[in-house]
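Sequence first, then the predicted structure, then my questions.
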Amino acid sequence: MSVTFTEDKLKKAQEIILRYPEGRQKSALLPILHLAQEQFGWVSSDTMDYVAGLLSISPIEVYEVATFYTMFHLEPVGKHVIEYCRTGPCCAMGGEEVFSHLKTKLGIKANETTSDGLFTVKEVECLAACGWGPCFQIREKYFMHLTNQKVDDIIEELSK
Amino acid sequence: MANDIKILTEHINIPGIETFEVYRKAGGYNAVEKAIKKMSPDEIVEEVKKSGIRGRGGAGFPMGMKWSFLAKPEGVPRYLVCNADESEPGTFKDHYLMKNLPHLLIEGMIVSSFALGANKSFIYVRGELMYVVRILEKAIEEAKAAGFLGKNILGSGYDLELVVQPGGGAYICGEETALLESLEGKRGNPRNKPPFPAVKGLYQSPTVVNNVESIANTPWVINHGGEEYAKIGIGRSTGTKLISASGHIKNPGVYEITLGLPVDEFMNSDQYLGGIRDGHYLKAVVAGGSSVPILPANLFYKTANGEDRLMSYESLSDGGFPTGTMLGSGGFIAMDETTCIVRNTWNFSRFYHHESCGQCSPCREGTGWMEKVLHRIEHGHGTMSDIDLLVDVAKKIEGNTICPLGDAAAWPVASAIRHFRDEFEWHINHPNEATKPGAVYMGAEILA
């Protein structure tokens, strides 16, 4: 599969590269991987090769970074990726019960995708929203003070 | 000094304060005018030194001293990097500050960059907070349009460009040299020190890395002077501190407190946390982010000598690790009697295992061991020797790694066993009761 950015994304990528001092374009790697994930939903090895080309660095330099940082999905994911916090403070705020309810409702475990391809659930570590927990994130949006009822409402809304 | 001075959050509730216009009307960017038009960079560094402010990211190192270490070789660029990678469990103060007061951070970045002679500065924000990245980028555009950023700021000849960099999801990048590696587009593996970033940091150039809250204090220091700042607080704990509070309290959230506030008042008055939720009582506190030693309620309220504890660097660490803890990042987690300490310790261990970069074997292997051993104790398969094994592994990690993540992983385990050993023993001796959902050891009685 050949991978290319849309015209908008390519323009954005070029802007990002120019933010750094000359010869330091590799600094653009994380922001550009985020751009890629925005467009493709996940980061495939073809995408990594493409990004390497954009930055004039070797593909291995992209692989080792893309596999180090947990935000990059290295396999296809559902339309909505729900990343819930499993760390202590969210648990203290009632997270274990709420997220168990979430998985039961969707009929999947963490790191699985519903058969209709609509939802992927991932367990992540602390999202820096502890006092507003339990919380999860769907792409860029934070959902906080979650309850079973709120989870039901969010799933229903996104299933429309 | 009144207990309710707000250095950072005075204007946080003004509608529209996230916009340049409203922020400016509230006195915002006055510090930039004063710094650039009336002060020399060295004078600013001197004021920050006088303020006594200590790094707000967790380590508490004096900020002015850190600034004064910056090497200034001719013809080499210098960098200021703001650490907005806030990832320590329990900590969400920088998140709160940036989303509500983006211009305060930008104002601080401008005056700090000017003081350090940096012409390109970075704000490294944890990638999960992409919406905050967008808030900051918008604020930067507004500040630039108003002449406070870009070329020839306020006609002074000083140029500054601010870049907001998203991370990719890695706790370790909160460690300053890992952050610099990440900013260079690499894996977040901490560097061996020396050389310190002040000599060889970003792109091998002299660099200062400061936490969001530290930088956000600098406009006030410039407007009012370092001596005035140092009058706030207590002893070597000058100024205010943002405390992000979570857990079983009535009022979770972010509070700006004057350092030296009595712990009891912070915990129980309605102005702050409002006490533990109704019908329950405090069991334990993690006062400064998941890595600091956990304290049982009695040692949290009073030091081993029976003195009332205060919210300050010195008072919280009174007694050292045997009976004290640390102010750390201000990530405050309160746990009532329904909390299982074994389960919580396992949870934190899993976090550190997950977040270890894998570079040093004591941390890479040790965090995994601790997680596994705690998992088996929590799930009814532990043996008595496991407790000493945990203490032993924690001891072998501590101090034996390139960066402090190893220590951060060891301390919660060591302190939980130190103060709650009977709870670990109960789990091991009563596997059937201990593995019932919600079962918690409470001394003589057991909550199930």
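On my side now, so go ahead.

if I look at the most centrally placed residue in chain A, how far off is B:Ile12?
Centroid check for chain A by CA atoms, centre = their mean gives A:Met71 as the closest residue, at 4.8 Å. Distance from A:Met71 to B:Ile12, counting by CB to CB, to the nearest Å: 29 Å. C-beta coordinates here come from the backbone N, C-alpha and C atoms, glycine included.

Any regions of chain A where pLDDT drops low?
Within chain A, the segments meeting pLDDT under 70 span A:1.

and the residue of it nearest chain B?
Taking CB to the nearest CB as the measure, chain A has A:Tyr69 as its residue closest to chain B, at 2.8 Å.

end-to-end on stretch B:4-20?
By CA to CA, to the nearest Å, the extent of stretch B:4-20 from end to end equals 26 Å.

Check stretch B:49-65 too.
Start-to-end span of stretch B:49-65 (CA to CA) is 6 Å.

May I see the buried residues of it?
For stretch B:49-65, a neighbour-count test (16 or more other CB atoms under 10 Å in any protein chain shown) marks B:49-58, B:60, B:62-64 as buried.

residue ranges of the strands in chain A, please?
Assigned by DSSP state E, the strands in chain A fall at A:80-85, A:112-113, A:119-124, A:136-138, A:141-143.

A:His101 is nearest to which of these?
Among those, the nearest to A:His101 by CB to CB is strand A:80-85 (10.8 Å).

And the closest one, what does it pack against?
helix A:95-106, strand A:119-124, strand A:136-138 (3 or more CB pairs under 8 Å, 6 or more residues apart in numbering or on different chains; DSSP states H and E).

how about the ones you listed in a markdown table, adding mean neighbour count?
A markdown table is the format used below for the helices and strands packed on strand A:80-85 (neighbours: other CB atoms under 10 Å in any protein chain shown):
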| stretch | mean neighbour count |
| --- | --- |
| helix A:95-106 | 17 |
| strand A:119-124 | 21 |
| strand A:136-138 | 22 |
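
of the ones you listed, which approaches A:Thr4 most closely?
Nearest of these (CB to CB): strand A:119-124, 24.6 Å.

Show me where chain B dips below the pLDDT cut-off.
B:1-3, B:443-448.

Let's see that with 80 instead.
B:1-3, B:442-448 (pLDDT under 80).

Check it for the residue nearest chain A and tell me.
B:Gly168 (2.8 Å).

okay, now that residue: neighbour count?
Number of residues near B:Gly168 (other CB atoms under 10 Å in any protein chain shown) recorded here: 24.

who's in contact with it?
The contact partners of B:Gly168, by CB atoms under 8 Å, 6 or more residues apart in numbering or on different chains, come to A:Leu30, A:Leu33, A:His34, A:Val65, A:Phe68, A:Tyr69, A:Thr70, A:Met71, A:Phe72, B:Gly127, B:Ser182.

And it, which helix or strand is it part of?
Following DSSP states H and E, there is no helix or strand that holds B:Gly168.

B:Ser121 too?
strand B:120-125.

Now find how far off-centre that strand is within its chain.
Counting by CA atoms, centre = their mean, to the nearest Å, strand B:120-125 is centred 17 Å from the centre of its parent chain.

helices or strands up against it?
strand B:79-84, helix B:102-116, helix B:130-145, strand B:161-166, helix B:176-183.

Columns mean neighbour count and distance to A:Thr104 on top of these, output as CSV?
CSV is the format used below for those (neighbours: other CB atoms under 10 Å in any protein chain shown; distance: least, CB to CB, whole Å):
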stretch, mean neighbour count, distance to A:Thr104
strand B:79-84, 28, 36
helix B:102-116, 27, 39
helix B:130-145, 19, 29
strand B:161-166, 22, 33
helix B:176-183, 26, 37
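
Any chance of JSON lines for these, columns distance to B:Ser361?
Shown next, in JSON lines, are the helices and strands packed on strand B:120-125 (distance: least, CB to CB, whole Å):
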{"stretch": "strand B:79-84", "distance to B:Ser361": "27"}
{"stretch": "helix B:102-116", "distance to B:Ser361": "37"}
{"stretch": "helix B:130-145", "distance to B:Ser361": "34"}
{"stretch": "strand B:161-166", "distance to B:Ser361": "30"}
{"stretch": "helix B:176-183", "distance to B:Ser361": "17"}
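
Any idea which of those gets closest to A:Lys122?
Here helix B:130-145 is closest among the helices and strands packed on strand B:120-125 (CB to CB), at 15.9 Å.

Extract the CA atoms of that closest one and return them as PDB.
Only the C-alpha atoms of helix B:130-145 are listed here, as PDB (Å, rounded to 0.1, in the frame of the first residue of the first chain):
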ATOM      1  CA  MET B 130      -3.000  17.500  22.100                       C
ATOM      2  CA  TYR B 131      -6.000  19.800  22.900                       C
ATOM      3  CA  VAL B 132      -3.700  21.800  25.200                       C
ATOM      4  CA  VAL B 133      -1.100  22.000  22.400                       C
ATOM      5  CA  ARG B 134      -3.700  23.600  20.200                       C
ATOM      6  CA  ILE B 135      -4.700  26.100  23.000                       C
ATOM      7  CA  LEU B 136      -1.000  27.100  23.500                       C
ATOM      8  CA  GLU B 137      -0.400  27.400  19.700                       C
ATOM      9  CA  LYS B 138      -3.400  29.700  19.400                       C
ATOM     10  CA  ALA B 139      -2.200  31.800  22.400                       C
ATOM     11  CA  ILE B 140       1.300  32.000  20.800                       C
ATOM     12  CA  GLU B 141      -0.200  33.300  17.600                       C
ATOM     13  CA  GLU B 142      -2.100  36.000  19.500                       C
ATOM     14  CA  ALA B 143       1.000  37.000  21.500                       C
ATOM     15  CA  LYS B 144       3.000  37.200  18.200                       C
ATOM     16  CA  ALA B 145       0.300  39.400  16.600                       C
END
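
Return the list of helices and strands in contact with that helix.
helix B:20-25, helix B:93-100, helix B:102-116, strand B:120-125, strand B:161-166.

any idea where the helices of chain A begin and end?
A:7-17, A:29-40, A:45-55, A:59-66, A:88-92, A:95-106, A:148-159 (DSSP state H).

Contact partners for residue 137?
All of this refers to chain A. Counting by CB under 8 Å, 6+ apart, A:Gln137 has contacts A:Ile82, A:Glu83, A:Tyr84, A:Val124, A:Leu127, A:Phe143, B:Glu128.

wait, I meant chain B there
So B:Glu137 contacts B:Val164 (CB under 8 Å, 6+ apart).
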